[in-house]
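Student: structure for this input, please:
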Amino acid sequence: MNRAARMLHASQPAVFRRIQQLEEEVGGKLFERQSTGVALTRAGIALARYVDEIRRLADEARQVVRRVAGGPDKALRIGFYQPATIVLIQLLRMLRMAHPEIEVEPMEATRAGVLESLRNAEIDLALPGFAQPDFLLEFDGLRVPGPAWNYVLPDCHRFARRKRLHLAELKDEAFVSLDEHEFPGFDILLREQCKLAGFMPQISVHAHTVSEAIAHVMAGRGVTMIARSAIALPLAASITIIDSRANMEWYALWSASNGNPLLRSVIQLLLDAPPPGWEAVGRDLPALGASKIRPIVESPANLPEGH
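Tutor: The predicted structure is shown next:
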């Protein structure tokens, strides 16, 4: 339930209310509490068989209606989070060379906004920056080269003159994290990195923007880890930035139900001739927009008399 709430950018009570509404709608109890957590009932297991197809068909229906209402797809819509601009530039250069006929509509948004636009089929390809494994259960994707991650410390910090720093040396420090609604997955990744270093971080505050996080660092609320490409130049001059060896994987994501043929062309190109550092995540090209719905064709033998 915690993970579901994070993925939906909602509170736990809101998720429970949605579940109750769904149970009332389908007419049966779907979940039951157990000592180890929450489990599906037999009715829940039965419904779960249909979930992926329902979601995929809903996405496909939006794509079909959009094409019927506005004509054929003429552009590839790419949503990107500002620190992923370097990845976007790499992709655009490749497309200009290989597919100059494809019109691209870049759309910048917050990290949460990029992911929400992908869920709502408002964009075809998402460059949200880092991603935890949960996102690869929801979307298909390619791993892309990410920027260096850095420790961000106040100029007056005892480690401010260090050129190298191990995360374990910060175990007694307070940490500034990023808000889960604005930066889904960041808090989890920060905690995982600290756990690998042998400690659990003491989070003092969750910032709503990168600039706000750095302001908290400057105000003495703690230290943090930020992608170098996300730090604005004026702020970079006011803090201490130390290289980190943290491995936070970045991805290009898309929905397998997307029916835009331009997306298929681009993904095929990325799989066949990826730019340096781009790699498939152990899967083949999905059947984009391939509906499992088939028209019902009655044979003459099955038709009523007179038809």
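Student: give me the contact list for stretch 215-231.
Tutor: Stretch 215-231 is contacted by residues 82-86, 129-130, 146-154, 157, 170, 173-177, 190, 193, 202-205, 207, 210, 213-214, 235, 238-239, 241, 244, 246, 248 when judged by Cβ atoms under 8 Å, 6 or more residues apart in numbering. C-betas here are computed from N, CA, C, even on glycine.
Student: what's the span of it, first residue to last?
Tutor: For stretch 215-231, the first-to-last residue distance is 11 Å (Cα to Cα, to the nearest Å).
Student: quick revisit: among the contacts of stretch 215-231, which are in helices?
Tutor: Judged by DSSP state H, the subset of the contacts of stretch 215-231 located in helices is 85-86, 190, 193, 210, 213-214, 235.
Student: just the buried ones out of those, please.
Tutor: 85, 190, 193, 210, 213-214, 235 (16 or more other Cβ atoms under 10 Å).
Student: ok, those vs Ser11, which is closest?
Tutor: Leu190 (20.7 Å; Cβ to Cβ).
Student: quick one: pLDDT of that closest one?
Tutor: Listed pLDDT for Leu190 reads 89.
Student: so who does it touch?
Tutor: By Cβ under 8 Å, 6+ apart, the contact set of Leu190 is 175, 177, 201, 225.
Student: quick one: least confident of these?
Tutor: Lowest pLDDT of the contacts of Leu190: Met225, 91.
Student: element containing that residue?
Tutor: Met225 belongs to strand 224-227 when assigned by DSSP states H and E.
Student: for Ala14, same thing?
Tutor: If you go by DSSP H and E, Ala14 is part of helix 12-26.
Student: could you give the bridge partners of Arg143?
Tutor: Tyr251, Glu279 (DSSP bridges).
Student: what's the local residue count around Gly259?
Tutor: Gly259 has 22 neighbouring residues, counting by other Cβ atoms under 10 Å.
Student: show the model's pLDDT score for it.
Tutor: Per-residue pLDDT puts Gly259 at 74.
Student: 22 is where my numbering starts, stick with that
Tutor: Done: numbering now begins at 22, and the last item shifts to Gly280.
Student: roughly how far apart are it and Ala142?
Tutor: Gly280 sits 9 Å away from Ala142, going by Cβ to Cβ, to the nearest Å.
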